[in-house]
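[1] Sequence and predicted structure, then a few things I'm wondering about:
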Protein chains: 2
Amino acid sequence: MTKICKDGIDRSLIKPESEAYGLMYTQDILSGKWKYIILWYLGEETKRYSEIKKFLMNISQGSLTKQLKELEEAGIILRKVYPEVPPKVEYSLTNKGKGVLPIIKTMIDFGNEYNEYK
Amino acid sequence: MTKICKDGIDRSLIKPESEAYGLMYTQDILSGKWKYIILWYLGEETKRYSEIKKFLMNISQGSLTKQLKELEEAGIILRKVYPEVPPKVEYSLTNKGKGVLPIIKTMIDFGNEYNEYK
DNA sequence: CAGTATCCCGAAGGATACTG
DNA sequence: CAGTATCCTTCGGGATACTG
């Protein structure tokens, strides 16, 4: 099996312009336990590393750093380092990152309509 | 840490009606490597187990059965068994399942706009 | 045909300690 | 403050064999 992405799904027989390909591409770059919530939290505002960490509470240092790095490498978020002591790092959505907000919105709408506690 | 769902995210401090809660609920019930593609493939049409299996090619028997069972338990798909020999089982989207199609559509739109092969 | 039942493995993520 | 490094555990998913 030819893995062409980290989700291990073989797309070799699927045309890049097909719907299934786009779907799998999206699922691939947004995979991981925390990415959607991170992106939702970033929303329109820039946030510091420590703010994200505090908001997510249960995430470990290593995981947060890894998820942020993956999002950065995918061109979803921008990492801005301020050369200060102590260091200050801010994260914000790129234009591509803002493109995932509609996805998140539809997920929220669905979740709020169908979760069992409503 | 109190796990209240299989993704392990602790929602105990988040109100059920909040956006973050809805988002996590959705992420939770749609987690897994194949669920989005399965639901996209089902679309508006009923499909047989063997059709889904053939379409996904690389999926294992065990995984397909498991993903379908989870989707059924979440009320996303309907499983209809025809008492024949050999057996025939058809899967289709419930109303709730049709509610995830808008999510999939936005994911497709995003993926087709931003994947590197366009 | 549409599953079940096992076994197995890799990768994701957590915990902890350390650092510029 | 914002990481890095290391070790460890969990678990989703694959492979294989078997069945009503």
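    Great, that's in hand.

[2] Kindly state the pLDDT recorded for the residue most central in space within chain A?
    The centroid of chain A falls nearest to residue A:35 when counting by C-alpha atoms, centre = their mean (3.5 Å). Per-residue pLDDT puts residue A:35 at 97.

[3] From DNA strand C, how far out is it?
    8 Å (C-beta to the nearest atom of the strand, to the nearest Å). For glycine as for every other residue, the C-beta is placed from the backbone atoms N, C-alpha and C.

[4] Distance of residue A:71 relative to DNA strand D?
    Taking C-beta to the nearest atom of the strand, one finds residue A:71 at 12 Å from DNA strand D.

[5] and that residue, what does it touch?
    A:35, A:38, A:39, A:77, A:97 (C-beta atoms under 8 Å, 6 or more residues apart in numbering or on different chains).

[6] got the buried residues for whichever strand or helix holds it?
    Residue A:71 belongs to helix A:61-73 when assigned by DSSP states H and E. Across helix A:61-73, burial judged by 16 or more other C-beta atoms under 10 Å in any protein chain shown covers A:64, A:67, A:68, A:70, A:71.

[7] Restrict it to CA atoms and write it as CSV.
    Listed next in CSV are the C-alpha coordinates belonging to helix A:61-73 (Å, rounded to 0.1, in the frame of the first residue of the first chain):
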residue,chain,number,x,y,z
GLN,A,61,3.2,20.3,26.8
GLY,A,62,4.5,17.9,24.2
SER,A,63,1.1,17.4,22.5
LEU,A,64,0.4,21.0,22.3
THR,A,65,3.7,21.8,20.8
LYS,A,66,3.3,19.0,18.3
GLN,A,67,-0.2,20.0,17.2
LEU,A,68,0.8,23.6,16.8
LYS,A,69,3.8,22.6,14.7
GLU,A,70,1.7,20.4,12.4
LEU,A,71,-0.8,23.2,11.9
GLU,A,72,2.0,25.6,11.2
GLU,A,73,3.6,23.2,8.7
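
[8] Check which helices and strands the helix or strand just after that helix is in contact with.
    Per DSSP H and E, the first helix or strand lying C-terminal to helix A:61-73 is strand A:77-82. For strand A:77-82, the packing partners by 3 or more C-beta pairs under 8 Å, 6 or more residues apart in numbering or on different chains; DSSP states H and E come out as helix A:61-73, strand A:88-93.
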